[in-house]
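Q: How does the following fold in three dimensions:
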Amino acid sequence: MRIYYSGPDALVNQERFVWRTSSPRSFVVRELQNAVLVRCNVPDRRSNPALLIALLSTALAVASWLLVSPVVGAAIGFVAVLTAAGAMVTQPRRTRYEWQVRATYLGAHVTVYASVDQRVFNQVARALRRAIEDARPSRADHGLAAA
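A: I've put the predicted structure just below:
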């Protein structure tokens, strides 16, 4: 059996495409139709340092307001707001993309594979493309008879 790609997240051979996730998905290559590559924006769930700075400095301002005096609390609160605003302005915007292979499988539209790593995605997509092309019937299979 010919293997086009074998990695920790996917396996592509001449008969099957297996997406190795927490609940693995398996597709018969001959049944995949209209496969397209799609790039999607995904929310960036990584920690936001500006938000962390704002929360810590607000907690410090409230504690100093209650424990020391309202004047000290107000001063620390003012510095906290300036620090948080500066952190938010200077923080670069993060845009994450997820690349997906979508196809029609047994009459249903499905996401066959998805990854945020573009290099790995391209390798898997190329392997799947080759497997689909090799699974197509050749011209010799059309039942033409030669005399």
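Q: Following element in sequence after the lengthiest helix in the chain, please.
A: Using DSSP state H, we find that the single longest helix of the chain is helix 70-90. With elements assigned by DSSP states H and E, the helix or strand that comes after helix 70-90 is strand 96-105.
Q: what residues go with each domain of this structure?
A: 3-41+96-139, 49-90 (automatic domain parsing).
Q: okay if I get those as JSON lines plus mean neighbour count and mean pLDDT?
A: Just so you know, the C-beta spots here come from the backbone N, C-alpha and C atoms, and that holds for glycine as well. Shown next, in JSON lines, are the domains of the chain (neighbours: other Cβ atoms under 10 Å; pLDDT from 0 to 100):
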{"stretch": "domain 3-41+96-139", "mean neighbour count": "15", "mean pLDDT": "92"}
{"stretch": "domain 49-90", "mean neighbour count": "14", "mean pLDDT": "78"}
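Q: Could I get the full set of strands for the protein?
A: Secondary structure of the chain, counting by DSSP state E: strands at 3-6, 10-13, 16-19, 25-28, 32-42, 96-105, 108-115.
Q: I'd assumed residue 65 was in contact with residue 72.
A: Yes: using Cβ atoms under 8 Å, residue 72 is in contact with residue 65, at 7.4 Å.
Q: Nearest approach to residue 84 belongs to which of the strands of the chain?
A: strand 96-105 (23.2 Å; Cβ to Cβ).
Q: Show me the strands paired with that closest one, marking each as parallel or antiparallel.
A: strand 32-42 (antiparallel), strand 108-115 (antiparallel) (DSSP bridges).
Q: Looking at these, which is nearest to residue 24?
A: strand 108-115 (11.7 Å).
Q: can you give me the offset of the closest one from its chain's centre?
A: Here the centre of strand 108-115 is set off from its chain's centre by 12 Å, with Cα atoms, centre = their mean, to the nearest Å.
Q: List the beta-bridge partners for residue 40.
A: residue 98.
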